[in-house]
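J.: Turn this into a model:
(one chain, ligands or ions: 2)
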Amino acid sequence: PRYIGETPETVLHRVFGFASFRGLQEEAVRTVMNDEDALVLMPTGGGKSLCYQVPALCREGVGLIISPLIALMEDQVAGLRQLGVRAAALHSEMEYQDQLTVQEDLTCDQLDLLYISPERLLTPYSLNLLKRCRLSLIAIDEAHCVSAWGHDFRPEYRELAHLKQRFPHVPRIALTATADPRTRRDILTALDMPDAHIFMGSFHRENLFLQAQPKIAEMQQVLTALSRHMGQGAAIIYCGSRKKTELMARQLREKGYTAFAFHAGMSPADKRAVLLRFRSGEPMVIAATIAFGMGIDRPDVRTVIHLEMPTSPEGYYQQIGRAGRDGEASHTLLLYSGEGVARARYWLDESQAPESEKKAMQGRLESMISLTETTGCRTQAVLACFGESLNEPCGHCDNCLNPPSTFDATEAAQKVLST
Ligand code: ADP
Ligand code: MG
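T.: Ligands and ions are numbered 1, 2, ... in the order given. Below you'll find the model as predicted:
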């Protein structure tokens, strides 16, 4: 209410304290302001949140943000409240009394932004409640969760297709850091937004150093990378199994590191405790499965290490993208082995997924394998998977820094001829 009618620029300055929009933010905001749908594709750390937060504050009504993770919602709400924005979350892990308070605020027009989990939104109760409210926009964050061929598929996201009929005059904005063309198409189809304007930022992250090494002496390689790159920041080590995360964390503690395991099999309380420590900013290593990720936005993750090859370039890029969100130089290391590659192929082969999905997953696995084995610029190779071409080799990957020695027959022949 205090901002309704203000321009997006004014809200950007006054509420968020930023001098100007970054990249495609301005156009994405303008699209929503014009009541049109948008799909925003930007890398992690690119600044997607402002694309819906700013128009939600300028427009009449409450902005509804669908978010897949409770931790993610709570972070955002806490940050917004500090800025004086009337934000709240609704999800199943809240105390009943708190849920009631939020619902009351909502019906009395006391909220600018409401973060809600998809399963909560889709209850008849919530839908009825929202039907009676004025909505400024609907944002679908982490929209790749709608895609069955993605790495974070959430079946509830599928049901979001109905939002168009339920709230026909409310502009929708879908946001994700996953940019491969197939996921993009899936999002537009599954959310029923064929006319959405698409805003795709560059996925090139100049502060990330990309390195891959054959796994020879895993622990030694990990320790070397940590001592060279972690500094006073944090490190994430992605492990192939829950058991491995525990083992790795224990071994690192024995070496004097503050280290914790994180995986989906831990109790919510244990997970929360690890996340709290992680956010506190003290130097530490998290040994995790890929359950650790979405929405983790500690700015000073200085290194991300993979002990196993990810199963797709999208997953790989999203995971290493958690490094260096503060823009400072950060290091990423992928350890791979022939055995690991063979195992990944085998698991996929044995998978019960429908044949078409299996084909797609195999395609992505093979792209990941070539990306791992490339002797060319690694950044160019990974960006190519998202349909983005980088004109020059990046200069911040292992292959650019130390070109793998290849015998150049032409050059050798020229030498012979010129002597
Ligand atoms: P994403 O959701 O794309 O991963 P966020 O929305 O969390 O990224 O933004 C990442 C960081 O960039 C945040 O710390 C945010 O405050 C900052 N940021 C976003 N837009 C701007 C801007 N226009 N000017 C300065 N900082 C920005
Ligand atoms: Mg985000």
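J.: And the next helix or strand past the host helix or strand of R184?
T.: Under the criterion of DSSP states H and E, R184 resides in helix 181-190. For helix 181-190, the following helix or strand on the C-terminal side (DSSP H and E) is strand 197-200.
J.: List the contacts of that next one.
T.: 24, 27-28, 31, 36-42, 51, 179, 184 (C-beta atoms under 8 Å, 6 or more residues apart in numbering). Glycine gets a C-beta too; all of them are placed from N, C-alpha and C.
J.: And those, which is closest to S280?
T.: M42 (27.3 Å; C-beta to C-beta).
J.: Now that closest one: closest residue in space that isn't a chain neighbour?
T.: Of all residues not flanking M42 in the chain, G201 sits nearest, at 4.2 Å (C-beta to C-beta, 6 or more residues apart in numbering).
J.: mind checking how far the one you found is from ligand 1?
T.: Here G201 is placed at a distance of 9 Å from ligand 1 (C-beta to the nearest ligand atom, to the nearest Å).
J.: contacting residues for that residue?
T.: G23, L24, L41, M42, P43, G46.
J.: backbone phi and psi for the closest residue in space to the last one that isn't next to it in sequence, please?
T.: Closest residue in space to G46, ignoring its immediate chain neighbours: G201 at 5.4 Å, by C-beta to C-beta, 6+ apart. For G201, the backbone dihedrals (degrees, to the nearest 10) come out as phi -80, psi 170.
J.: what do you get for V382?
T.: According to degrees, to the nearest 10, V382 has phi -70, psi -40.
J.: Relative to L208, how far out is it?
T.: Going from V382 to L208 by C-beta to C-beta, to the nearest Å gives 10 Å.
J.: Looking at these two, which is more packed in?
T.: V382 (25 against 21; other C-beta atoms under 10 Å).
J.: which ones are touching the more buried one?
T.: L210, P313, Y316, Y317, L371.
J.: right, and the pair among these with maximum separation?
T.: Going by C-beta to C-beta, the pair spanning the contacts of V382 furthest: L210 and P313, at 11.6 Å.
J.: which SS state does M266 fall under?
T.: coil (DSSP: H, G, I helix; E, B strand; the rest coil).
J.: what's the nearest residue to it if we skip its chain neighbours?
T.: M266 sits nearest to V274 (C-beta to C-beta, 6+ apart), 7.7 Å away.
J.: any idea how far A249 is from that neighbour?
T.: From V274 to A249 the distance is 10 Å (C-beta to C-beta).
J.: Now list whatever residues contact both of the two.
T.: F260, A261, I286.
J.: Leaving aside the residues adjacent along the chain, what's closest to the closest residue to ligand 1 within the stretch 301-419 of the chain?
T.: Per C-beta to the nearest ligand atom, the residue of the stretch 301-419 of the chain with the smallest distance to ligand 1 is R325, at 6.5 Å. Sequence neighbours aside, G45 is the residue nearest to R325 in space, at 4.1 Å (criterion: C-beta to C-beta, 6+ apart).
J.: Contacts only, for the one you found.
T.: Listed by C-beta under 8 Å, 6+ apart, the contact set of G45 reads R205, D297, G321, G324, R325.
J.: Quickly find the element holding it.
T.: Short version, using DSSP H and E: G45 is in no helix or strand.
J.: Tell me the residues of this structure that contact ligand 1?
T.: 18, 21-22, 25, 42, 44-50, 297 (C-beta under 6 Å from any ligand atom).
J.: how about a cut-off of 5 Å?
T.: F18, R22, T44, G45, G46, G47, K48, S49, L50 (C-beta under 5 Å from any ligand atom).
J.: The second one and L57, how far apart?
T.: This points to R22. R22 is 17 Å from L57, by C-beta to C-beta.
J.: Flag the helix or strand of this structure with the lowest per-element mean pLDDT.
T.: For the chain, counting by mean pLDDT, DSSP states H and E, helix 409-418 ranks last in confidence among helices and strands (a mean of 56).
J.: The closest residue to ligand 1 within the stretch 51-200 of the chain and R81: what is the separation?
T.: Relative to ligand 1, the nearest point of the stretch 51-200 of the chain is A177 (6.3 Å; C-beta to the nearest ligand atom). Going from A177 to R81 by C-beta to C-beta gives 25 Å.
J.: Comparing these two, which residue is more hemmed in?
T.: A177 (22 against 13).
J.: Next, the contact list for that one, please.
T.: A177 neighbours (C-beta under 8 Å, 6+ apart): L41, M42, P43, T44, G46, K48, H144, Q318, G321.
J.: The same query, at a cut-off of 6 Å, please.
T.: With contact set as C-beta atoms under 6 Å, 6 or more residues apart in numbering, A177 has these partners: P43, T44, Q318.
J.: Equivalent analysis for I286, please.
T.: Counting by C-beta under 6 Å, 6+ apart, I286 has contacts I236, F260, F262.
J.: Report how many residues lie close to G17.
T.: Neighbours around G17, by other C-beta under 10 Å: 8.
J.: Next one: it, what pLDDT does it get?
T.: pLDDT recorded at G17 is 95.
J.: roughly how far apart are it and E95?
T.: 32 Å.
J.: could you give the mean pLDDT of stretch 227-234?
T.: On average, stretch 227-234 scores 97.
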